[in-house]
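Participant: predicted model and sequence below, questions to follow.
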Amino acid sequence: MFVLLGCCGLAMANDCVVLLHGLARTSVSMSKMQRALSEEGYRTANIDYPSRYYTVEELARMAVPEGLQKCREDGEAGRIHFVAHSLGGILVRQYLSSNDIPELGRVVMLGPPNQGSAAVDKLAGMPGFDWLNGPAGQQLGKGEDSVPLKLGPATFELGVIAASRTIDPITSAVLENPDDGRVSVEDTKLEGMTDFVVVKHSHAFMMRMRQPIDLTIRFLETGSFGD
């Protein structure tokens, strides 16, 4: 499932943004970001994928090509950018580890567990963890089964937005401070990233907040989060 929007604004002609939500979320969680990007002139493909039912590898093969297809089918494609929350950023890295995107523009990741999350390793044995997080969630730790740790550095223009507030004291208790309730600020970083910024929001809601949205638009336009 996807939602495709477009309008006239400030983006480069025909540029398109693929939006990928996080674990146990839907495309609705990215709808405010999508509207803001559309108002700036970007065509957008907000992809809904079954994050709780497949592995990272399988989800990457589902979600990323669907976004690329939607961006390419609306006439001449310009650059194709990605804006991804949490697990969505790992799907982009997984796909790019074995596929080229000729039109690839810039990538913004919000709260990505690029170095895995200690919360997965510490809480995986709790009742309901497997049901809530599914196969992909179990691959986001810092142990030998960690998918993020097996992927290489960024070889594309990448901006990472980390968050430093939490609404989940139980999960935060097993994370290095500062953290956003799901991943520590330090573990969002990735070798090769172009720019990095920390915002005072929580993991669950950062993609809906005005500051991260404005920072995302700035990076897509300039390749930098600015001062």
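Facilitator: Nice, thanks for sending it over.

Participant: how about stretch 176-189: buried residues?
Facilitator: 178-185, 187-188 (16 or more other C-beta atoms under 10 Å). Backbone N, C-alpha and C define where each C-beta goes, glycine included.

Participant: which one of these is nearest Gly22?
Facilitator: Distances from Gly22 to those, taken as C-beta to C-beta, are shortest for Arg182 (8.6 Å).

Participant: wait, isn't Cys71 in contact with Asp15?
Facilitator: No. At 9.0 Å, Cys71 does not count as touching Asp15 under the criterion of C-beta atoms under 8 Å.

Participant: which neighbours do those two have in common?
Facilitator: 43, 80 (C-beta atoms under 8 Å, 6 or more residues apart in numbering).

Participant: quick one: neighbours of the residue nearest to Val174 when sequence neighbours are not counted, just the number.
Facilitator: Leaving out its chain neighbours, the residue that sits closest to Val174 by C-beta to C-beta, 6 or more residues apart in numbering is Lys122, at 4.0 Å. For Lys122, the neighbour count with other C-beta atoms under 10 Å is 15.

Participant: next: Ile161.
Facilitator: Residues within reach of Ile161, counting by other C-beta under 10 Å, total 27.

Participant: is it in a helix, a strand, or coil?
Facilitator: Recorded secondary structure, Ile161: strand (DSSP: H, G, I helix; E, B strand; the rest coil).

Participant: distance of it relative to Leu20?
Facilitator: In this structure, Ile161 lies at 14 Å from Leu20, with C-beta to C-beta, to the nearest Å as the measure.

Participant: shaky segments in the protein?
Facilitator: Under the criterion of pLDDT under 70, the regions of the chain flagged as low confidence span 1-13, 74-77, 124-131, 227.

Participant: hey, what's the most centrally placed residue in it bridged with?
Facilitator: When the chain is reduced to its mean C-alpha position, the closest residue under C-alpha atoms, centre = their mean turns out to be Ala84, at 2.3 Å. When bridges are assigned using DSSP bridges, the partners listed for Ala84 are Leu20, Met109.
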